[in-house]
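K.L.:
this one's sequence-less:
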Ligand code: ATP
Ligand code: MG
């Protein structure tokens, strides 16, 4: 019977043969964040709708068009469309901001947005993101951008451009809003309905509109950089100086305003042109007013989020390396019930040493078992039957070269295996690098 229930549009499954790609990004992301002093935070999948209304902003696409909201009993909840609001809520609720500052958290989580599904744009997608709270210094902005840059490089990505901008603080933005308002007021008749509403409430949002007509009109709009107050302007200059010192290439793009309302001063994006229209792999910036807006103290903060699916699209496209998926170290081909039981026992002890051991559970004949071992790429195989059991020894076969070593079926089996396994790894190292020094091999031996 055909399965007539399919997964919802705009969502994806990850099957085991592809999950190593996710593990690669997750591991390198965690290691990088932790080396910058960030700790992982885990937050609920949905939050009170009000949290997103208050933080993401009522005039944003996310709030106006993309949220999945449900009434559950008497309360209104929304599946998180991003991770910042929930993370800040959790930092406040758990008193993290009363501890030593800066507080630094990172997360890897799924987000939900009702958008039109296309390459790089899903309805459930995943983000690696982080937030740093407590520092208003541009050194913090440089640190966060440097973390993103380090991660993208550690993943092996190339040709990703960093664009930075400053969208000022509420005081410089008031003047800018006035200038934008009068600019767009003159071309009011051409704006889309959503932007007409934005014109009165938050004209800067028009610059982030996806409609081609509004984008065209926006091209000649006044630039925020011309309206920055002295403090914001100095902040931006220091950031640029620090990025240069860190050897991080950037371009100032005065048109970046970011899709969410809570940003102040620095905003940035890492963009590639290699995966089509949805090329922003990372977006972030400073949001000095957000914590207070959510009912906390006035604490400056900043962060970014990367779309993991988009990262993987670029990594695939560029042929980046992934951490190798785990393969079977030793496969027991068994004949008869006694051999099966022995294989169970040996596998249990080998797994205790951390090896990936497997034996037949399909009742296959010997030939079919060996074929299976080949198919899964087992490094070693052992044939186990009544003869081997009565002799008390087996032949361990290294599959690539076909060499065999006899080892005893005693309680030292796992450590005998370990020795042979280790020699095999040394051989591979020598072949690959011409060097049998394990430490230099592990250090990269470049
Ligand atoms: P866009 O302009 O592409 O809609 P955004 O400004 O809405 O992006 P953010 O809210 O800043 O995106 O999210 C941070 C990152 O999450 C994006 O840079 C992108 O990599 C990823 N992302 C956002 N929306 C989606 C989506 N619908 N599907 C896949 N990834 C997404
Ligand atoms: Mg969007």
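P.N.:
Great, that's in hand. Because the structure is a prediction, the values reported are computed rather than measured. Ligands and ions are numbered 1, 2, ... in the order given.
K.L.:
okay, CA-based contacts and neighbour counts for the rest of this
P.N.:
Will do.
K.L.:
partners of whatever residue of the stretch 51-200 of the chain ends up closest to ligand 1 in the sheet?
P.N.:
Residue of the stretch 51-200 of the chain nearest ligand 1, by Cα to the nearest ligand atom: residue 121 (3.4 Å). Taking DSSP bridges as the rule, residue 121 bridges to residue 118.
K.L.:
could you find the closest non-adjacent residue to whatever residue of the stretch 201-350 of the chain ends up closest to ligand 1?
P.N.:
Nearest residue of the stretch 201-350 of the chain to ligand 1, counting by Cα to the nearest ligand atom: residue 307, 3.4 Å away. Distances taken as Cα to Cα, 6 or more residues apart in numbering put residue 127 closest to residue 307, at 4.7 Å, once the chain neighbours are dropped.
K.L.:
next: residue 223.
P.N.:
Residue 223's closest residue in space is residue 254 (Cα to Cα, 6+ apart), at 6.3 Å.
K.L.:
ok, that neighbour - contacts?
P.N.:
164-166, 223-225 (Cα atoms under 8 Å, 6 or more residues apart in numbering).
K.L.:
who's the residue nearest to residue 307 bridged to?
P.N.:
With DSSP bridges as the rule, residue 127 is bridged to residue 109, residue 307.
K.L.:
count the neighbours of it for me.
P.N.:
Residue 127: 22 surrounding residues under other Cα atoms under 10 Å.
K.L.:
ditto for residue 211
P.N.:
13.
K.L.:
who are the contact partners of it?
P.N.:
Contacts of residue 211 by Cα under 8 Å, 6+ apart are residue 192.
K.L.:
determine how far the last residue of stretch 297-312 lies from the first.
P.N.:
Length of stretch 297-312, first residue to last, Cα to Cα, to the nearest Å: 38 Å.
K.L.:
oh, that last question was meant for stretch 282-296, not what I typed.
P.N.:
Separation of the first and last residues of stretch 282-296 by Cα to Cα is 27 Å.
K.L.:
now the element after the strand or helix carrying residue 396, going C-ward?
P.N.:
If you go by DSSP states H and E, residue 396 is part of strand 393-398. Once the chain leaves strand 393-398, the next helix or strand it forms, by DSSP H and E, is strand 404-408.
K.L.:
can you map out the helices along the stretch 251-400 of the chain?
P.N.:
Along the stretch 251-400 of the chain, counting by DSSP state H, counting those that start in this stretch, helices occupy 290-293, 308-318, 337-352, 366-375, 386-391.
K.L.:
reformat those as TSV; add mean neighbour count and mean pLDDT.
P.N.:
TSV is the format used below for the helices of the stretch 251-400 of the chain (neighbours: other Cα atoms under 10 Å; pLDDT from 0 to 100):
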stretch	mean neighbour count	mean pLDDT
helix 290-293	18	94
helix 308-318	19	97
helix 337-352	17	97
helix 366-375	16	98
helix 386-391	12	97
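K.L.:
which one of the ones you listed lies nearest to residue 142?
P.N.:
Residue 142 lies closest, by Cα to Cα, to one member of those: helix 290-293, at 19.7 Å.
K.L.:
helices or strands next to the closest one in the packing?
P.N.:
Contacts defined by 3 or more Cα pairs under 8 Å, 6 or more residues apart in numbering; DSSP states H and E place helix 290-293 against helix 49-55.
K.L.:
and the next element down the chain from the helix it packs on?
P.N.:
Following helix 49-55 in sequence, per DSSP H and E, is helix 61.
K.L.:
can you measure across stretch 397-407, start residue to end residue?
P.N.:
Terminal residues of stretch 397-407 are spaced 11 Å apart (Cα to Cα).
K.L.:
how far does that stretch sit from its chain's centre?
P.N.:
Taking Cα atoms, centre = their mean, to the nearest Å, the mean C-alpha location of stretch 397-407 is offset from the chain mean by 40 Å.
K.L.:
apart from its neighbours in sequence, what residue is nearest residue 202?
P.N.:
residue 59 (7.0 Å).
K.L.:
report pLDDT for the one you found.
P.N.:
The model reports residue 59 with a pLDDT of 80.
K.L.:
list the contacts of residue 217.
P.N.:
residue 187.
K.L.:
again, only using 7 Å
P.N.:
Neighbour list for residue 217: empty [criterion: Cα atoms under 7 Å, 6 or more residues apart in numbering].
K.L.:
may I see the buried residues of the helix or strand where it lies?
P.N.:
Per DSSP H and E: residue 217 is located in helix 212-218. Residues 214-215, 217-218 are the ones in helix 212-218 that count as buried (16 or more other Cα atoms under 10 Å).
K.L.:
stretch 136-151 now?
P.N.:
By 16+ other Cα under 10 Å, the buried positions in stretch 136-151 come out as 136, 138-151.
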